[in-house]
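Asker: Requesting a structural model of the entry that follows:
(2 chains)
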Amino acid sequence: MIAISHLDKHFDRLHVLKDISLTVQTGEVLVLCGPSGSGKTTLLRTINGLESIDRGSITVDGKTIDPKTSEIRALRQGIGFVFQQFNLFPHLSVIDNITLAPRKLKGLTREAAEAKAMQLLDRVGLRDKRDVHTDTLSGGQQQRIAIARALAMEPPVLLFDEPTSALDPEMVGEVLAVIRELAQDGMTMLCVTHEMGFARDVASRIIFMAEGAIVEDTTPAQFFTAPESARARAFLQDILGH
Amino acid sequence: MIEILQEYWLQLLIGGFPHTPLGGLALTLVLAVSGLVLAMPVGLLMAVPLRSRLKPVRALAELIIFYIRSVPLLLHVLWVYFLLPAALGVSFPPAITMLITLVLFNGAYISKIVVAGIDALPRGQTEAAMSLGFGPVQTMRFIILPQALRNMLPSLVSQLSLLIKETALGAAIGATEATQTFLDLANNLPGQAIQAYALLALAYFALCYPLLLLGRRLERRGRRTAKIALEPAS
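Answerer: Below you'll find the model as predicted:
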């Protein structure tokens, strides 16, 4: 459902993505990992058109992602994005954060959008937070609301950019539990994360990147027990601390 | 001073109204409030080219706004007073001339406030809106402007107090706002000019001081919410 072909991207002189090709089938859960600066977040952002690309192509369900076209808006509705810093809208209540896009972009009535939002709040375990202001929520709660906000557009694909990196350690679990459940429900997902335990349990594929290129594209079992490249071995040693 | 008030309070408040057009403190207030109300949309419009992606558009807008901000308001008043009738072939009453000038002048300042208010928001707000499928205009309308306007409130309140004082320049072109009214009064009351001007000063002070307090309060409140936003409760 996602097809990336020979993608290149530069930030000025820096070659951040080098000839990336990758296909993702419906229902797959990809974890993108690698040392910082390896280009995994940039790659994720190109799929939503938040970053432009210099060469190559990205298609989602056969449609080309190009941030310079106006079709990108409609395409983005089908590609949810969850940010490291949550990026909730602080001037809106929790329920309005979730219903704004369905109401304004899909033309849902307030009643219909709120009914749907309440289901999502149930799903992320925050039904009682419906009317509160987002700045009274903990980081873990904010990220769960951000996931509900993305789900409200009913996107076939969800992209997660280090969803737990900005959280205090005790809140990581509650957010991962929500993502885990989505994976079990068959949601197609790409997730940039350093949570290797989560990657091992949830991912159907591990994409290991270094210096802007995909170094390994393999199963979790293979990646964690017998990584092929020296880079992946070094990375795992650093991150797992042994 | 009390006698002056007792004798002339109505004239000071509304000028010769209803026999002449509205004047006095009432005209000052009307000019200030309608000036701000109209300068807001003008300021928003002027902010659009300031944030244009095209560099020449941005540069031209910067230049025009820079010019407006670096020339004394009195000069703008005179320009509009003499140039507009010559250019359009119609002449406006002094109060309207004053209003047009105030709107353009304050619009230029407000456009800068708007741009600063927008730029102060984290980039993530725009990205979150775009990632949901909002276009640039909708992002501005539903996500960015509501937050920017709230941040701008203290600056806008202080702009209003500036505007109240700027209306005094109406006296230069014969708009019978508060200052002109008091000038006339002082002329009619030989030996009591100091008392009349003291009253005038008091009147401006009474209008602007509450705004100053309001602005301070809004700023404190803004700081408090900004702090909460930076440190999510755990």
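
Asker: what does the longest helix along chain A contact?
Answerer: The longest helix of chain A (DSSP state H) is helix A:169-184. Applying Cβ atoms under 8 Å, 6 or more residues apart in numbering or on different chains, the external contacts of helix A:169-184 come out as A:29, A:123-125, A:138-140, A:143-144, A:147, A:151, A:158, A:160, A:163-164, A:167, A:189, A:191, A:195, A:198, A:201-202, B:234. Backbone N, C-alpha and C define where each C-beta goes, glycine included.

Asker: Determine how far that helix lies from the middle of the whole chain.
Answerer: 13 Å (Cα atoms, centre = their mean, to the nearest Å).

Asker: next one: stretch B:86-97
Answerer: Counting by Cα atoms, centre = their mean, stretch B:86-97 comes out at 21 Å from the chain centroid.

Asker: what comes up buried for that stretch?
Answerer: B:94-95, B:97 (16 or more other Cβ atoms under 10 Å in any protein chain shown).

Asker: go on, stretch B:126-146?
Answerer: Buried-residue list, stretch B:126-146, by 16+ other Cβ under 10 Å: B:126-134, B:138-140, B:142-145.

Asker: One more: stretch A:104-117?
Answerer: Buried-residue list, stretch A:104-117, by 16+ other Cβ under 10 Å: A:104-105, A:108, A:113-114, A:116-117.

Asker: which pair in these spans the largest distance?
Answerer: Using Cβ to Cβ, those span at most 15.6 Å, a distance reached by A:L105 and A:E114.

Asker: what residue is smack in the middle of chain A?
Answerer: A:F160 (1.6 Å; Cα atoms, centre = their mean).

Asker: ok, so what distance separates B:I4 from chain A?
Answerer: Remark: distance between B:I4 and chain A (Cβ to the nearest Cβ, to the nearest Å) = 49 Å.

Asker: Just confirm that residue is within a strand.
Answerer: No: looking at B:I4 with DSSP: H, G, I helix; E, B strand; the rest coil, it is helix, so not inside a strand.

Asker: What score does the spatially closest residue to it that is not a sequence neighbour have for pLDDT?
Answerer: Nearest residue to B:I4, sequence neighbours excluded (Cβ to Cβ, 6 or more residues apart in numbering or on different chains): B:Q195, at 5.9 Å. We note a pLDDT of 85 for B:Q195 in this prediction.

Asker: what's near enough to touch B:Q195?
Answerer: B:1, B:4, B:189.

Asker: Now the last one: closest residue in space, sequence neighbours ignored.
Answerer: Counting by Cβ to Cβ, 6+ apart, B:L189 lies nearest to B:A196, which is 6.4 Å off, once chain neighbours are set aside.

Asker: what about that neighbour, neighbour count?
Answerer: Residue neighbour count, defined by other Cβ atoms under 10 Å in any protein chain shown, stands at 22 for B:A196.

Asker: For chain A, what lies in contact range of chain B?
Answerer: A:48-50, A:70, A:73-74, A:76-77, A:79-81, A:83, A:85, A:87-91, A:100-101, A:104-105, A:135-139, A:142, A:146, A:149-150, A:153, A:168, A:171 (Cβ under 8 Å from any Cβ of the partner chain).

Asker: Would you enumerate the residues in contact with B:G107?
Answerer: B:G107 sits next to B:39, B:42-43, B:45-46 when contact means Cβ under 8 Å, 6+ apart.

Asker: now, which of the residues you listed lie within strands?
Answerer: Judged by DSSP state E, the subset of the contacts of B:G107 located in strands is empty.

Asker: returning to that earlier point: please flag which of the buried residues of stretch B:86-97 sit within helices.
Answerer: Secondary structure from DSSP H places B:94-95, B:97 of the buried residues of stretch B:86-97 in helices.

Asker: Where does pLDDT dip in the chain?
Answerer: Going with chain A. Applying pLDDT under 70 to chain A flags residues A:242.

Asker: not what I meant, chain B
Answerer: For chain B, the ranges with pLDDT under 70 are B:224-234.

Asker: ok now the longest helix anywhere in it, how far from the chain's centre?
Answerer: Ranked by residue count and defined by DSSP H, the top helix of chain B is helix B:193-230. A distance of 14 Å separates the centroid of the chain from that of helix B:193-230, by Cα atoms, centre = their mean.

Asker: what comes up buried for it?
Answerer: B:195-196, B:199-200, B:203-204, B:207-208, B:211, B:214-215, B:218.

Asker: Can you tell me the closest non-neighbouring residue to the residue nearest to the centre of chain A?
Answerer: That would be A:C191: by Cβ to Cβ, 6+ apart, it lies 4.1 Å from A:F160.

Asker: swap in B:L27?
Answerer: Counting by Cβ to Cβ, 6+ apart, B:L27 lies nearest to B:E177, which is 4.5 Å off, once chain neighbours are set aside.

Asker: That neighbour: what's it in contact with?
Answerer: B:23-25, B:27-28, B:31, B:95, B:98, B:167-168, B:170-171.

Asker: Relative to chain A, which of these is nearest.
Answerer: B:L31 (32.0 Å; Cβ to the nearest Cβ).

Asker: Looks like the closest one contacts B:A168 (just checking).
Answerer: No: counting by Cβ atoms under 8 Å, B:L31 stays clear of B:A168, with 9.9 Å between them.

Asker: who has more neighbours, these two?
Answerer: B:L31 (25 against 19).

Asker: Please, which helix or strand holds the more buried one?
Answerer: Applying DSSP states H and E as the criterion places B:L31 in helix B:24-50.

Asker: was I right about B:A95 contacting B:G170?
Answerer: Yes: counting by Cβ under 8 Å, B:A95 touches B:G170, with 6.9 Å between them.

Asker: Pull out the buried positions in stretch A:20-39.
Answerer: For stretch A:20-39, the buried set under the neighbour-count rule, 16+ other Cβ under 10 Å, comprises A:20, A:22, A:24, A:28-35, A:38-39.

Asker: swap that for stretch B:157-174, please
Answerer: B:157-164, B:166-173.

Asker: starting at the chain centroid, how far to that stretch?
Answerer: 8 Å.

Asker: Could you do stretch B:80-98 as well?
Answerer: On Cα atoms, centre = their mean, the centre of stretch B:80-98 falls 20 Å from that of its chain.

Asker: End to end on that stretch, go ahead and measure it.
Answerer: 8 Å (Cα to Cα, to the nearest Å).

Asker: Show residues contacting it.
Answerer: Contact with stretch B:80-98 is made by B:21-22, B:27, B:31, B:77, B:100-101, B:104, B:167, B:169-170, B:173-177, as judged by Cβ under 8 Å, 6+ apart.
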